[in-house]
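Engineer: Here is my input; please provide its structure:
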Amino acid sequence: MKTLAVIHDFLPRHQAGSELYCYYLCKEMQRLGHEVRVLCTETDHQAPAYTVRERMFDNLPVTEIVQHFHYRTFEETYRNPAVEKMFGEFVGSWRPDVVHFHHLLGLSFGCPRLAKEAGAAVVFTLHDYWLLCLRGGGQRFQDDGRVCERIDPSECAVCVAECGLTGETLARWAKQLLVRKKALGELDLRETLAQAHIETADPAYVQATHFSIGGIDCPAILAHPPSKIAYDLPAWAECSLLFTYAMVPSTYEKEGDGVRFRVLLNDEVLWERYLDPKHHSKDRGWHPGSVDLPVCSGKARLTLETQPGPSGNRDFCAAIWGHPRVVSSIGAPKDGQTVLSRSKSAGRNLLYRVFGKQYRDEARKRRQAALDLTRYVDRFLCPSPFLRTSFLDHGFPEEKLIFSDYGIRPMMVPRGVVRYPIRFTYIGSLVRHKGVHVLIRAFNDLDPERAYLRIHGPTDEFVDYVGLLRSLVRNPSIEFCGRFENNEIAQILGETDVLVVPSIWYENSPITIHEAFLAQVPVVTSRFGGMADLVEDGVNGLLFEVGNAEDLRRCLQAFVDNPDLVIRLRPDPSSVKSIEKDGLEMERLYRSLTRWDSD
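Structural biologist: Residues are numbered from 1 along each chain as shown. Here you go, the predicted structure:
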């Protein structure tokens with residue numbers, strides 16, 4: 001049987017869930033003896049748009065169409081005559097028995113019709129909501145953080161307006177509408193210690209250094225009390241002081257008192273804590289801290305102060321400020337929205353007010369075009385019950401919508417003893433709708449000696465958002481691990497006690513959750529969309545209210561307080577459908593839709 005897999009992106013450059021599933025299914029169909037090809041798009045501004053190229057990937061023939069995503073009209077974003085011409089010629093020449101669509105972003109709604117006219121059976125796996133939602137990833141998620149519970153053309157029109165914004169327009173909006181005061185960016189107080197005004201009983205009491213406590217190394221300022229370290233700061237907009245604080249471990253078993261830590265702005269106390277690790281073990285180690293600094297239109301003096309305990313005894317009470325820094329909160333409100341997304345929101349809202357009726361008409365036309373293409377698709381495969389219900393509610397034919405979860409490649413991951421620190425892991429893209437900002441806010445309040453968070457994902461793609469994430473970090477046990485290859489997933493999960501999937505959009509059926517189940521790693525995820533279809537609260541993981549950092553912190557703390565919970569909630573690997581079973585099911589479906597016979 002000749003099968004053609006059609007997808008927006010493909011390996012090796014693109015390795016998100018839909019691309020990986022498409023690849024593994026193609027390889028399984030090859031293993032079953034079928035002839036398989038892949039057709040995809042690729043962004044390459046060094047080549048002319050709509051250039052057609054042939055290549056091989058792991059013995060899979062791949063035809064790619066170079067796409068620049070430059071459109072003259074909004075309609076071309078979903079109905080592209082140039083792509084339809086090339087696609088029609090390809091299927092007319094190769095004559096596949098089955099065309100299996102995985103995504104049409106960068107392609108055209110007309111492709112299923114052309115496949116059907118070429119005599120092929122047409123199957124479409126719905127990896128997200130892009131057929132219903134015109135945003136690039138089909139997340140039903142807006143820049144201001146709102147999730148679209150119902151997809152209504154009158155609401156979609158606001159996103160149509162975004163197509164009227166160029167990069168230069170976005171920059172202009174960001175500059176003119178949002179940046180009203182000077183932003184500090186990030187000011188490292190340790191690195192600028194030489195410029196500070198220091199009051200101390202002995203110059204050796206205050207110095208820049210590094211400290212390692214509980215295996216956690218941190219650039220720091222030694223601040224033996226009494227000490228005052230004052231910085232003159234320029235005017236700023238929205239800023240925060242981020243730091244950790246501790247007493248030097250060599251003092252823990254000595255006689256004496258603890259230390260009082262204070263943060264002052266223009267001699268007004270903004271924050272104060274007292275640590276006494278000599279008498280209270282919970283006060284030992286690093287402790288995260290943060291202070292939101294009020295908007296200031298003139299110069300101000302920020303002071304870090306340490307004072308000895310109630311008795312005034314200054315012996316054996318050395319204190320530390322860990323990596324103190326002032327970071328700009330411009331573009332980083334509580335919902336995790338960056339300056340770029342805020343500028344897009346402002347710009348498109350203005351365009352919507354001017355051209356609202358036209359944009360509503362465009363949204364209705366796209367919605368109707370999506371419903372029209374259902375006539376040419378024999379079966380839509382829905383990896384989650386939630387997604388199937390969503391498409392059913394929005395007019396897709398019930399008889400064509402089939403629930404079929406992803407098949408996953410086998411994975412053997414040995415499980416060891418659970419011990420402190422509990423190892424929490426995030427795996428995926430670092431983009432706002434994945435909710436990593438919610439995870440960092442939740443994790444900041446955990447004991448850094450009893451919990452560790454590794455964030456695996458490329459830091460060089462959505463740099464605005466990654467900068468925001470870094471500015472939120474207050475806990476020294478948070479590590480950005482960078483880009484990973486798919487063949488490293490088993491190793492990453494082998495070093496994980498709990499996987500966290502904090503998405504603030506509906507998701508579908510995240511492959512990362514399936515892989516965690518295969519590795520017997522419990523999952524903490526949002527009680528939302530397709531995620532809640534997979535994770536059963538208290539059985540194979542824990543659920544929290546979507547976007548609620550405090551509720552997520554509650555779930556994380558439960559594992560920290562009771563490490564045996566990691567073992568009790570370990571998922572059953574047999575609950576995950578294998579790619580081999582998926583391949584056989586797909587083969588049966590293909591046969592039922594064609595006259596192909598293996599004999």
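
Engineer: what sits against the spatially most central residue of the chain?
Structural biologist: By Cα atoms, centre = their mean, the mean C-alpha position of the chain lies nearest to residue 434, the distance being 3.1 Å. Going by Cβ atoms under 8 Å, 6 or more residues apart in numbering, residue 434 touches 428, 502-504. (Each C-beta comes from the backbone N, C-alpha and C, glycine too.)

Engineer: go with 7 Å
Structural biologist: 428, 503 (Cβ atoms under 7 Å, 6 or more residues apart in numbering).

Engineer: for the one 10 residues further on, same thing?
Structural biologist: Residues in contact with residue 444, defined by Cβ under 7 Å, 6+ apart, are 288, 474-475.

Engineer: The closest residue to residue 273 other than its chain neighbours: what secondary structure?
Structural biologist: In space, and not counting its chain neighbours, residue 273 is closest to residue 261: 5.0 Å by Cβ to Cβ, 6 or more residues apart in numbering. For residue 261, the assignment made with DSSP: H, G, I helix; E, B strand; the rest coil gives strand.

Engineer: so what's residue 261 bridging to?
Structural biologist: For residue 261, the beta-bridge partners under DSSP bridges are residue 273, residue 306.

Engineer: was I right about it contacting residue 306?
Structural biologist: Yes - judged on Cβ atoms under 7 Å, residue 261 makes contact with residue 306 at a distance of 5.8 Å.

Engineer: anything in contact with each of the two?
Structural biologist: Common neighbours of residue 261 and residue 306 (Cβ under 7 Å, 6+ apart) are residue 319.

Engineer: And these two? Which one has more around it.
Structural biologist: Using other Cβ atoms under 10 Å as the criterion, residue 261 and residue 306 rank with residue 306 on top: 28 against 25.

Engineer: returning to that earlier point: ok, the residue nearest to the centre of the chain to residue 265 distance?
Structural biologist: 34 Å (Cβ to Cβ, to the nearest Å).

Engineer: and if you look at residue 187?
Structural biologist: Distance, residue 187 to residue 265, using Cβ to Cβ: 14 Å.

Engineer: And for residue 65?
Structural biologist: Distance from residue 65 to residue 265, by Cβ to Cβ: 57 Å.

Engineer: which of the two has more neighbours?
Structural biologist: Neighbour tally, residue 65 and residue 265, criterion other Cβ under 10 Å: the higher count belongs to residue 65, 21 against 18.

Engineer: Touching, the more buried one and residue 85? I think so.
Structural biologist: No - between residue 65 and residue 85 there is no contact under Cβ under 7 Å: 10.7 Å.

Engineer: what's residue 301 in contact with, if anything?
Structural biologist: Counted by Cβ under 7 Å, 6+ apart, residue 301 has contacts 230, 232, 266.

Engineer: Which ones among these map onto strands?
Structural biologist: 230, 232 (DSSP state E).

Engineer: tell me which of the contacts of residue 301 is nearest to residue 79?
Structural biologist: Each of those was checked against residue 79 using Cβ to Cβ; the closest is residue 232, at 59.1 Å.

Engineer: so that closest one makes contact with residue 299?
Structural biologist: Yes - with contact defined as Cβ under 7 Å, residue 232 reaches residue 299; the gap is 6.0 Å.

Engineer: Look up phi and psi at residue 75.
Structural biologist: phi -60, psi -30 (degrees, to the nearest 10).

Engineer: ok, it to residue 368 distance?
Structural biologist: For residue 75, the distance to residue 368 equals 12 Å [Cβ to Cβ].

Engineer: Among the two, which residue is more densely surrounded?
Structural biologist: The residue with more neighbours, out of residue 75 and residue 368, is residue 75; 15 against 11, by other Cβ under 10 Å.

Engineer: residues touching the more buried one, list them.
Structural biologist: Residue 75 neighbours (Cβ under 7 Å, 6+ apart): residue 365.

Engineer: following the helix or strand bottoming out on mean pLDDT in the chain, which helix or strand comes up?
Structural biologist: Every helix and strand in the chain was compared by mean pLDDT, DSSP states H and E; the lowest is helix 167-173, with a mean of 40. Next helix or strand after helix 167-173 toward the C-terminus (DSSP states H and E): strand 186-188.

Engineer: Can you tell me the element the closest residue to residue 508 other than its chain neighbours falls in?
Structural biologist: Excluding the flanking residues, the one nearest residue 508 by Cβ to Cβ, 6+ apart is residue 530, at 4.6 Å. Residue 530 is part of helix 529-534, with elements assigned from DSSP H and E.

Engineer: and that helix, average pLDDT?
Structural biologist: Averaging pLDDT along helix 529-534 gives 92.

Engineer: Now do the helices in the stretch 151-300 of the chain.
Structural biologist: 153-161, 167-173 (DSSP state H, counting those that start in this stretch).

Engineer: Can you list the helices and strands that the first one packs against?
Structural biologist: Helices and strands in packing contact with helix 153-161 are listed as helix 339-373; criterion 3 or more Cβ pairs under 7 Å, 6 or more residues apart in numbering; DSSP states H and E.

Engineer: Let me see the mean pLDDT of the helix it packs on.
Structural biologist: 73.

Engineer: all strands for the stretch 351-500 of the chain, in order.
Structural biologist: 379-382, 401-403, 422-427, 451-456, 478-482, 498-501 (DSSP state E, counting those that start in this stretch).

Engineer: remind me which residues of the stretch 101-250 of the chain are low pLDDT?
Structural biologist: 136, 143-145, 162-185, 215, 235-238 (pLDDT under 70).

Engineer: Repeat the analysis, applying 90 as the threshold.
Structural biologist: Low-confidence segments of the stretch 101-250 of the chain, defined by pLDDT under 90: 133-188, 201-204, 210-219, 232-244.

Engineer: before we move on, back to that, just give me the neighbour total for the residue nearest to residue 508.
Structural biologist: For residue 530, using other Cβ under 10 Å, the count is 25.

Engineer: ok, now residue 267?
Structural biologist: Residues near residue 267, counting by other Cβ under 10 Å: 8.

Engineer: And the pLDDT for it?
Structural biologist: 87.

Engineer: Kindly report the same for the one 3 residues further on.
Structural biologist: pLDDT for residue 270: 87.

Engineer: and what of residue 19?
Structural biologist: Residue 19 is given a pLDDT of 94.

Engineer: What's the separation between it and residue 11?
Structural biologist: For residue 19, the distance to residue 11 - Cβ to Cβ - is 6 Å.

Engineer: So between these two, which is more surrounded?
Structural biologist: residue 19 (23 against 18).

Engineer: For the helix or strand where the more buried one lies, give me every contacting residue.
Structural biologist: Here residue 19 sits within helix 17-31, counting by DSSP H and E. With contact meaning Cβ under 7 Å, 6+ apart, helix 17-31 is reached by 3, 5, 7, 9-11, 36, 38, 60, 102-103, 127, 406-407, 409, 486, 510-511, 579-580, 582-583, 586.

Engineer: buried ones in it?
Structural biologist: Burial within helix 17-31, assessed by neighbour count using 16 or more other Cβ atoms under 10 Å, is assigned to 17-30.
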